[in-house]
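> quick one: sequence and predicted model below, then my questions.
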Amino acid sequence: MQIMRANEFNDQYVREKFSKTFVDGFGEDLRYFTEDKEKLAKALEHIFILENFYITVVDEDIAAITFCTNGDKLAIQHNKKELRKNLGWLKGTIANVVFKKEFQKPPVKTGDKIANIGFVATAEKYRRQGMASTLMNYILSLPHYETFLLETIADTNTSALQLYKNLGFKEIKRTKQKHTKFSGINYYIDMAYKKNG
C-alpha cells in the first residue's frame, strides 16, 4: 500500500481508475444523471484536478481518494461539452449547473495552516479494510496543517460521519436542506479537527 498525490501515480489509466473510485463513493448521490456506474465514471474522468487529491494505491488499483489542500484551490473543474457528450444534452447541461454550484465554490475558511478535506471515497472492493482511515490518518499527519475542515457531509452518510468522529473530528455546523424529499438528506454537516486541541 502506498499513499501519494493522485498526479504522482504513474499509470496511464489514472483518471479512469480515479473516477471509478469516486463513483463507488459518490455514484449514489449522482444517480440522477445516470444509474450506469461505468457511464458516470467515463463522464467524470476529466473533471478532477489530480494534484489536489491524495490516493491510496494497492496492487496498481486506486483503493481510496481524498481532496486535501489549503487556500481556494478547487477539487473539480469540469467541461460542459464533455458532460453533454457523455450524459446527453439535457442531463449534461443540468450537471454543468449543479457541479458549478456544488463543487466549484471556494472553501468556507482558508489559510496557511488550514486544510480543506473532501470527497473521501473508497473503492467498493477495498471497503471495510481500513483504507479510508489509513488515508485520513496520513492527511492528519501532514506537518504543514494545524486545522482540518470537512464540509457538507450528508447526514445520511453515517459510515463517513462515524469514521470522522473516530479520528477526532467535531461537528461545527449543521445546515438544514430544503429538498429533503428528493435527496433524502436532512442536513449537511461541517466538521473540524485541530492538532493539539
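Right, received. Where do you want to start?
> switch to C-alpha atoms for all contacts and neighbour counts from now on
Will do.
> following the least confident helix or strand in the chain by mean pLDDT, which helix or strand comes up?
When each helix and strand of the chain is scored by mean pLDDT, DSSP states H and E, helix 180-183 comes last, with a mean of 63. Sequence-wise, the next helix or strand downstream of helix 180-183 (DSSP states H and E) is strand 187-194.
> what's the local residue count around the nearest residue to residue 145 once chain neighbours are set aside?
Nearest residue to residue 145, sequence neighbours excluded (CA to CA, 6 or more residues apart in numbering): residue 113, at 4.3 Å. When neighbours are defined as other CA atoms under 10 Å, residue 113 has 13 of them.
> so which residue is dead centre in this protein?
In the chain, the residue lying closest to the centroid (CA atoms, centre = their mean) is residue 119, at 1.0 Å.
> hmm, it is touching residue 66, no?
Yes - using CA atoms under 8 Å, residue 119 is in contact with residue 66, at 5.2 Å.
> buried residues in the top helix by length along the chain?
Longest helix in the chain, counting residues (DSSP state H): helix 89-103. Of the residues in helix 89-103, 91-96, 99 count as buried by neighbour count, 16 or more other CA atoms under 10 Å.
> can you check stretch 128-144 too?
Result for stretch 128-144 [16+ other CA under 10 Å]: buried residues 131-133, 135-136, 139-140.
> surely residue 4 touches residue 54?
Yes - contact status for residue 4 versus residue 54: in contact at 5.5 Å, counting by CA under 8 Å.
> can you list the low-confidence ranges for this protein?
For the chain, the stretches flagged by pLDDT under 70 are 107-109, 179-183, 197.
> now the strands for it?
Along the chain, counting by DSSP state E, strands occupy 2-5, 53-58, 61-69, 114-122, 147-154, 170-176, 187-194.
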